[in-house]
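Visitor: Fold the stuff below for me.
(3 chains)
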Amino acid sequence: MDAYFASVELLRYPELKGQPVVIGGRRHTAAPSEGFQRLRGYAGRGVVTTCTYAARAFGVRSGMGLMKAAVLAPDAILLPGDYETYSRVSRTFKSAVAEIAPCIEDRGIDEIFIDLTDVPGETRNLAQRLKDAVKEATGLSCSIGVTPNKLLSKIASELQKPDGLTILSLDDIPTRIWPLPCSAINGIGPKATTKLEGFQIRTIGELAAADASFLVEHFGKSYGAWLHEASHGRDDRDLTISREPKSISRETTFERDLHPRQNREELTHILVSLCERLAQDLERKGYLAGSVGIKLRFDDFSTLTRDHAVPMPLADATALRDAARECLKRVNLDRKLRLLGIRAGALVKREEYLAHAASGDRVAEAGLFGNWPSE
DNA sequence: TCTGGGGTCCTAGGACCC
DNA sequence: TCTGGGGTCCTAGGACCC
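Guide: Take a look at the predicted model:
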């Protein structure tokens, strides 16, 4: 989806069309009827989640601090994110696509992979039908890349944003893919980009020209070999149609840094609140946590995590808090914090766990391992 | 003027087991 | 007194993505 959150907001406020609009920051109590909040004079933490193309023209980008964005585009309109609406519209566009092509891999709120292998129809025609269906169902534009695999489709979908439709075959790789910067490949982030630049490798073509052995030597067996394959547009991954979550978490960045001793009560209150929200998430989704972790970010932005495997899977707020305390015992709390998070890992389906526990399977399993025959 | 929140996957060391 | 080969689980950190 193109500039997804911002585009959804433009549906709600059509009068903002063409204007620089930024989604981000915390929900504000001021009603929009009193006029839109401008970025000018913004004070506080928070980043740009999404922005319109008009805002991008000022140099504003996703992930940029709002204070910096305010300098670049002081008259841009700032709207808080409304994730419930974005989720609802997300389900709508995915359903519209599924009516035409049911084999879909979910890639988050605004992105999907679609397997068109068994969908009849001429390629360009089919892609246009998908775009039309999304537009019809949501009023929003999207950008599509049709290629032989996921790696290339992801790159192709970015080539003509917004409202793009790009079709590539393997023969197009030298002309369409190789001129692009390495970072256009999904999986090559800032660190790898910098390191590659150190070897004078800037484009995907330059990466493709590098020896596989050289890449393995400097980037490791697995990542190095993958870099080589990716640069040649090779990718044999299947679509992942359904998956179970591995972890569920809640975290929050404070308005101001808090000290574990001076602001003990405030921090305790925040932790309790995070545990309550996480407990609700677990309950709603039907999972129990086999491990509980905490995440701390200090005033210098350094981050630390601690994990605790619990003897019995749990999901209620009090138990989460007790487990979090076990983790906190192992941390030196002598510096101010800017973020606190809690995470449920080693998830087990509540229903399945309860069924096993009732049938005594757990006891049998423990017995099996306890009595393992020795040589 | 510092840098959100929710995730996944990978690596690597150590404990522990047969 | 010194040392194997295979495996799993736990924990911590980091890169990357939406």
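Visitor: going forward, measure contacts between C-alpha atoms and count neighbours the same way
Guide: Fine.
Visitor: and the residue sitting nearest the centre point of chain A, helix, strand or coil?
Guide: Nearest residue to the geometric centre of chain A (Cα atoms, centre = their mean): A:Gly108, 6.6 Å. Put simply, A:Gly108 is coil when judged by DSSP: H, G, I helix; E, B strand; the rest coil.
Visitor: And the pLDDT for it?
Guide: What the model reports as pLDDT for A:Gly108 is 94.
Visitor: Quickly list the domain ranges of chain A.
Guide: As given by automatic domain parsing, the domain ranges for chain A are A:4-81, A:84-168, A:178-231, A:247-369.
Visitor: Present these as CSV; the columns should include distance to A:Thr240.
Guide: Shown next, in CSV, are these (distance: least, Cα to Cα, whole Å):
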stretch, distance to A:Thr240
domain A:4-81, 23
domain A:84-168, 5
domain A:178-231, 16
domain A:247-369, 18
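Visitor: which stretch among these comes nearest A:Arg237?
Guide: domain A:84-168 (7.3 Å; Cα to Cα).
Visitor: from the chain's centre, how far out does the closest one sit?
Guide: 18 Å (Cα atoms, centre = their mean, to the nearest Å).
Visitor: is it anywhere near DNA strand B?
Guide: No: using Cα under 7 Å from any atom of the strand, domain A:84-168 stays clear of DNA strand B, with a minimum separation of 7.8 Å.
Visitor: how long is that domain end to end?
Guide: 35 Å (Cα to Cα, to the nearest Å).
Visitor: Report whether it contacts DNA strand C.
Guide: Yes: residues of domain A:84-168 contacting DNA strand C under Cα under 7 Å from any atom of the strand: A:107-111.
Visitor: which ones are touching A:Val8?
Guide: A:86, A:89, A:140 (Cα atoms under 8 Å, 6 or more residues apart in numbering).
Visitor: Roughly how far does it sit from DNA strand B?
Guide: To DNA strand B, A:Val8 is 16 Å away according to Cα to the nearest atom of the strand, to the nearest Å.
Visitor: hang on, that residue in a strand?
Guide: No: counting by three-state DSSP, A:Val8 falls outside a strand, being helix.
Visitor: For it, give me the pLDDT.
Guide: Here, the pLDDT recorded for A:Val8 equals 97.
Visitor: A:Lys94 now?
Guide: 97.
Visitor: secondary structure class for it?
Guide: A:Lys94 ends up helix, using three-state DSSP.
Visitor: can you check A:Arg237 too?
Guide: coil.
Visitor: check contacts around it.
Guide: A:149-150.
Visitor: quick one: terminal-to-terminal distance for stretch A:139-157?
Guide: End-to-end for stretch A:139-157, by Cα to Cα: 19 Å.
Visitor: quick one on the thing from earlier: need the contacts of A:Val8 in TSV with secondary structure, distance to A:Ala96 and neighbour count, can you?
Guide: Putting these into TSV (DSSP: H, G, I helix; E, B strand; the rest coil; distance: Cα to Cα, whole Å; neighbours: other Cα atoms under 10 Å) gives the following:
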residue	secondary structure	distance to A:Ala96	neighbour count
A:Tyr86	helix	15	19
A:Val89	helix	11	21
A:Leu140	coil	12	22
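Visitor: Tell me where the model's unsure across the stretch 251-375 of chain A.
Guide: A:360-375 (pLDDT under 70).
Visitor: Spell out which residues of it are next to DNA strand C.
Guide: So far as Cα under 7 Å from any atom of the strand goes, the stretch 251-375 of chain A lies against DNA strand C at A:291, A:303-309, A:330.
Visitor: Let me know the closest of those residues to DNA strand B.
Guide: For these, the residue nearest DNA strand B by Cα to the nearest atom of the strand is A:Thr303; the value is 10.1 Å.
Visitor: give the contact list for the closest residue to the closest one other than its chain neighbours.
Guide: For A:Thr303, ignoring the flanking residues on the chain, the nearest one in space by Cα to Cα, 6 or more residues apart in numbering is A:Arg297 at 4.4 Å. Applying Cα under 8 Å, 6+ apart to A:Arg297 gives the contacts A:303-304, A:337-340.
Visitor: A strand includes A:Arg297, no?
Guide: Yes: counting by three-state DSSP, A:Arg297 falls inside a strand.
Visitor: Distance check, it against DNA strand B.
Guide: Taken as Cα to the nearest atom of the strand, the span from A:Arg297 to DNA strand B is 9 Å.
Visitor: That residue bridge partners, please.
Guide: A:Thr303, A:Leu339 (DSSP bridges).
Visitor: A:Gln262 should be in a strand, yeah?
Guide: No: under three-state DSSP, A:Gln262 falls outside any strand and is assigned coil.
Visitor: Can you tell me the number of residues neighbouring it?
Guide: 10 (other Cα atoms under 10 Å).
Visitor: measure it to A:Phe5 for me?
Guide: Taken as Cα to Cα, the span from A:Gln262 to A:Phe5 is 38 Å.
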